[in-house]
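> okay, predicted coordinates and the sequence, questions at the end:
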Amino acid sequence: MLSCKNLKASIEGKKILKGASLEVNPGELHVLMGPNGSGKSTLAQVIAGHPSYKIESGELRFEISKINKLTPDKRAKLGIFLAFQHPVEIPGVSMFNVLRKARHSTNGKIKSASLFRNSVANFRSDLIGYAKELKLGEEFIRRSLNEGFSGGEKKRSEILQMMALEPKLVILDEIDSGLDVDGLKIVATAVKKYTRSNPQSSVLLITHYARILKYLKPDFVHIMMDGKIIKSGKANLAKQIEEKGYQKMGREVQYYDRV
Amino acid sequence: MNDTQIVTDNYKYGFNKPENYVFKSKRGLNLSVVEQISSMKNEPEWMREFRMRALSIFESKKMPAWGADLSTINFENIFYYIKPTDNQKKNWRDLPKEIKDTYDAIGIPEAERKFLAGVTAQYESEAVYHSFQKQWEEKGVIFCDMDTGLRKYPDIVKSCFGRSIPPADNKFAALNSAVWSGGSFIYVPPGVSVDIPLQAYFRINAANMGQFERTLIIVDEGAYVHYVEGCTAPVYSTDSLHAAVVEIFVKRGARCRYTTIQNWSSNVYNLVTKRAFVEEDGIMEWVDGNIGSKITMKYPSCYLTGRGARGEILSLALANQNQHQDAGGKLMFLAPDTSGEIISKSVSVNGGRTSYRGLVKAIRGAKGVKCNVRCDALILDEKSRSDTYPTMQVDEPDITMGHEASVSKIGEEQLFYLMSRGLTEVEATSLIVNGFIEPIVKELPLEYAVELNRLIQLNMEGSVG
């Protein structure tokens, strides 16, 4: 589904991604871990098409298309969704308006047939249903997007948008940071439910902590350091990271590389 | 997104109908033109003198140099009076076909059916169609065009006309006073609340023709009225001048709201003087949206003369290529315990220019005044410009005064966020702009809000990419 091959990307001349490679197939849940500044969020933003990042070399593919040069809206229409680590405030613009426009805009392009056959009224009641699942008040879909939301509300509102847009690839950029235990459970449960009812959809979960993995079982875990994915493995890799820490894991990788 | 078409060249309402006039004055302005207007209208002597005096004031005043660039107005190239049909038509059926066609094209009958209590639609210099719901007439509400008002209610008109905005106030008020024609006259008797907005549409439809409508609204003690005025105009190659005067008197405990959406075509000079006098415990609310015109200079004002009076001014300006919107408001605190607020939102795009110009004045003795001013500007690209000219003259120490201003650009992060949801750049930009002006749009009648949102998108389509 998603294929990054030897991606090198920079922002304002500063190299952040230094040859990152990653393959995600339909129905898989991948976890990307790594210390601060290792390039995890950059990878997410590059996949979603942030205009500030320049892809120097390498290839970015989604399904059959090369997407290196596509604008973010075209990538979204292919079925890529990024839940932001820091959702942006848009004064005076409600989530309902954004999602209705997005739905209109993506009409027939992404797979969420259930949304498109519904009228506006049904769409609204769908959104209210999603809000309830996430323990958000109904008024959330009417309020200015992210303005005055608490940290936890912002994260849950990102998940609400995911549920409404029904993407094929869900990138969750530190969805667990700033959430308390209850919030974490609500979010993880919603993501789990989503992957169950959309078995062909895949998730790329970026996180610092293993605690969310109590709820979401990864198929693959990757460690990113200094702009590269240095090690990939199964779920138990996350446990090793918890025990050893990134620096030690990094040194081991370097050591084994040399050997 | 490489489409660089400019919306102003593709004006939505840019059509015009064949001209069919009963009378058209010569171009240019002099004593005989003014006399001719007055005698065509069969006016009383005092009005003829008022016009004559105003003409000499107009001629003696210099062009204002402190605001937008007005140097290209050619007063000699303007028709000051055009009379489209012989008489006022009493109902829709009797209107000439091409006038009806024009109104159909901008949707007046539809609007009337759905929302309006009454319509005074000004075609050229004179109101040609005027309908009014019986229920208001029975309550003693007067709503007619200004010429009819002068004929039928000479005493009320004479006691107020030119009293809040005398001809000497400014050059364009003097011009209007000399050659005014049409506009609305409204009187709401004490205690009467007109709960459906009264609406009027104005339209310029003749090359080089000036529009000098004159509106007078008197809201008697404890009464309420909401007056809505919307403008759309066809495109012409030569410049048009629109210099209106709106005078409002809000008596004790009364409330008046005056809503304007101005969407003149991009060759029109829109130079309007609007002023309300507000007595004890009265409330005046101006909701003033400027989207069209080449140059607008307009600063609705509230003179708060009685204790506890309140004035609110919501100003919205959108400037596209070759447009300068110089807008804002004035609050004059002339009595104790008066309060007021100015909220201004401006958007400049594609090389357009907006200016906020505001005056807040509190005289000595106006104790306990509360005033809040907020002006926010959104600039969409490097070519566009926004300036703020706030003036405060406060001679009384015992007052509370707040002033906040912000200038922002559409952030890359906001755009990326919305585009990552699948919105195109135009859709995302329009949504952000609509969100920015939302605090004012939510005060508009529904059909105006809907049209305004469409206009914003239309403006963004020509500018993004």
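Thanks, I have it.
> use CA for all of it now, contacts and neighbours both
Fine.
> pLDDT at the residue of the stretch 151-300 of chain B found nearest chain A, what is it?
Nearest residue of the stretch 151-300 of chain B to chain A (Cα to the nearest Cα) works out as B:Gly289 at 17.6 Å. If you check B:Gly289, the pLDDT there is 92.
> right, and the helix or strand after the helix or strand encompassing it?
B:Gly289 is located in strand B:283-290, with elements delineated by DSSP states H and E. With elements assigned by DSSP H and E, the helix or strand that comes after strand B:283-290 is strand B:295-298.
> scan chain A for its longest helix.
helix A:181-197 (DSSP state H).
> which parts of it are buried?
For helix A:181-197, a neighbour-count test (16 or more other Cα atoms under 10 Å in any protein chain shown) marks A:Gly183, A:Leu184, A:Lys185, A:Ile186, A:Val187, A:Ala188, A:Ala190, A:Val191, A:Lys192, A:Tyr194, A:Thr195 as buried.
> now stretch A:120-140
Here stretch A:120-140 shows A:Phe123, A:Arg124, A:Asp126, A:Leu127, A:Ile128, A:Tyr130, A:Ala131, A:Glu133, A:Leu134, A:Leu136, A:Glu138, A:Phe140 as buried, counting by 16+ other Cα under 10 Å.
> helices - which of those land there?
Counting by DSSP H, the buried residues of stretch A:120-140 contribute A:Phe123, A:Arg124, A:Asp126, A:Leu127, A:Ile128, A:Tyr130, A:Ala131, A:Glu133 to helices.
> in JSON lines, list the residues you listed along with pLDDT and distance to B:Leu318.
Listed next are these as JSON lines, based on pLDDT from 0 to 100; distance: Cα to Cα, whole Å:
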{"residue": "A:Phe123", "pLDDT": "84", "distance to B:Leu318": "32"}
{"residue": "A:Arg124", "pLDDT": "87", "distance to B:Leu318": "31"}
{"residue": "A:Asp126", "pLDDT": "90", "distance to B:Leu318": "36"}
{"residue": "A:Leu127", "pLDDT": "93", "distance to B:Leu318": "33"}
{"residue": "A:Ile128", "pLDDT": "94", "distance to B:Leu318": "35"}
{"residue": "A:Tyr130", "pLDDT": "95", "distance to B:Leu318": "37"}
{"residue": "A:Ala131", "pLDDT": "95", "distance to B:Leu318": "36"}
{"residue": "A:Glu133", "pLDDT": "95", "distance to B:Leu318": "41"}
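> tell me the one of those residues nearest chain B?
Among these, and counting by Cα to the nearest Cα, the member closest to chain B is A:Leu127, at 15.3 Å.
> coming back round to it: so what sits opposite the residue of the stretch 151-300 of chain B closest to chain A in the bridge?
B:Ile261, B:Leu316 (DSSP bridges).
> near it, how many other residues are there?
Using other Cα atoms under 10 Å in any protein chain shown, B:Gly289 has 25 other residues around it.
> need the three-state assignment for A:Cys4.
strand (DSSP: H, G, I helix; E, B strand; the rest coil).
> could you do B:Met52 as well?
Here B:Met52 is recorded as helix under three-state DSSP.
> correct me if wrong: it contacts B:Ala178.
Yes. If you go by Cα atoms under 8 Å, B:Met52 and B:Ala178 touch, sitting 6.4 Å apart.
> so what sits against both of those two?
Common contact partners of B:Met52 and B:Ala178 (Cα atoms under 8 Å, 6 or more residues apart in numbering or on different chains): B:Val34.
> the strand or helix carrying A:Ser157 packs against which elements?
For A:Ser157, the element it lies in under DSSP H and E is helix A:151-165. In terms of contacts (3 or more Cα pairs under 8 Å, 6 or more residues apart in numbering or on different chains; DSSP states H and E), helix A:151-165 is packed against strand A:80-83, helix A:95-105, helix A:120-133, helix A:181-197.
> would you single out the least confident of these?
Sorting these by mean pLDDT places helix A:95-105 lowest, at a mean of 85.
> who's in contact with the helix holding A:Ser157?
Residues contacting helix A:151-165 (Cα under 8 Å, 6+ apart): A:81, A:83-85, A:87, A:99, A:102-103, A:112, A:115, A:126-127, A:130-131, A:134, A:136, A:146, A:170, A:175-176, A:178-180, A:183, A:187, A:190-191, A:194, B:421.
> who's in contact with the residue of the stretch 151-300 of chain B closest to chain A?
B:Thr259, B:Thr260, B:Ile261, B:Gln262, B:Ser315, B:Leu316, B:Ala317.
> one more time with 7 Å, if that's ok
B:Thr260, B:Ile261, B:Gln262, B:Ser315, B:Leu316, B:Ala317 (Cα atoms under 7 Å, 6 or more residues apart in numbering or on different chains).
> just the C-alphas of the helix or strand containing A:Lys77, formatted as PDB.
Assigned by DSSP H and E, A:Lys77 belongs to helix A:72-78. Extracted in PDB, the C-alpha atoms of helix A:72-78 (Å, rounded to 0.1, in the frame of the first residue of the first chain):
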ATOM      1  CA  PRO A  72      -1.800  17.200   0.100                       C
ATOM      2  CA  ASP A  73      -5.400  17.200  -1.000                       C
ATOM      3  CA  LYS A  74      -4.700  14.800  -3.800                       C
ATOM      4  CA  ARG A  75      -3.000  12.400  -1.400                       C
ATOM      5  CA  ALA A  76      -5.900  12.700   0.900                       C
ATOM      6  CA  LYS A  77      -8.200  11.800  -2.000                       C
ATOM      7  CA  LEU A  78      -6.100   8.700  -2.600                       C
END
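> and that helix, what does it pack onto?
On a contact count with 3 or more Cα pairs under 7 Å, 6 or more residues apart in numbering or on different chains; DSSP states H and E, helix A:72-78 meets helix B:412-419.
> just the CA trace of the strand holding B:Gly289, in PDB.
C-alpha atoms of strand B:283-290 as PDB (Å, rounded to 0.1, in the frame of the first residue of the first chain):
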ATOM      1  CA  ILE B 283     -29.200  51.400  20.700                       C
ATOM      2  CA  MET B 284     -27.800  51.800  17.200                       C
ATOM      3  CA  GLU B 285     -26.200  48.900  15.400                       C
ATOM      4  CA  TRP B 286     -24.400  49.300  12.100                       C
ATOM      5  CA  VAL B 287     -23.500  46.100  10.200                       C
ATOM      6  CA  ASP B 288     -21.500  47.300   7.200                       C
ATOM      7  CA  GLY B 289     -20.100  44.900   4.600                       C
ATOM      8  CA  ASN B 290     -18.000  46.300   1.800                       C
END
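> for it, the distance to its chain's centre please.
Centre-to-centre, strand B:283-290 and its host chain are 9 Å apart (Cα atoms, centre = their mean, to the nearest Å).
> where does chain B have low pLDDT?
Applying pLDDT under 70 to chain B flags residues B:1-25, B:82-134, B:200-210, B:231-239, B:447, B:462-465.
> how does it divide into domains?
Using automatic domain parsing, the domains assigned to chain B come out as B:17-412, B:413-465.
> take the ones you listed and write them to TSV, including distance to A:Ser65.
TSV is the format used below for the domains of chain B (distance: least, Cα to Cα, whole Å):
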stretch	distance to A:Ser65
domain B:17-412	26
domain B:413-465	17
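> quick one: closest of the ones you listed to A:Val93.
domain B:413-465 (4.8 Å; Cα to Cα).
> check the secondary structure at A:Leu22 for me.
Under three-state DSSP, A:Leu22 comes out as strand.
> check the stretch 101-250 of chain A for the residue nearest chain B and tell me.
A:Ala102 (5.1 Å).
> isn't that residue right up against B:Met419?
No. If you go by Cα atoms under 7 Å, A:Ala102 and B:Met419 don't touch, sitting 8.7 Å apart.
> what about the two, which has more around it?
Legend: neighbour count by other Cα under 10 Å for A:Ala102 and B:Met419, higher for B:Met419 (28 against 25).
> who are the contact partners of the more buried one?
A:Pro72, A:Asp73, B:Glu425, B:Ala428.
> circling back to that earlier point, settle it for me: which of B:Met52 and B:Ala178 has more neighbours?
B:Ala178 (32 against 21).
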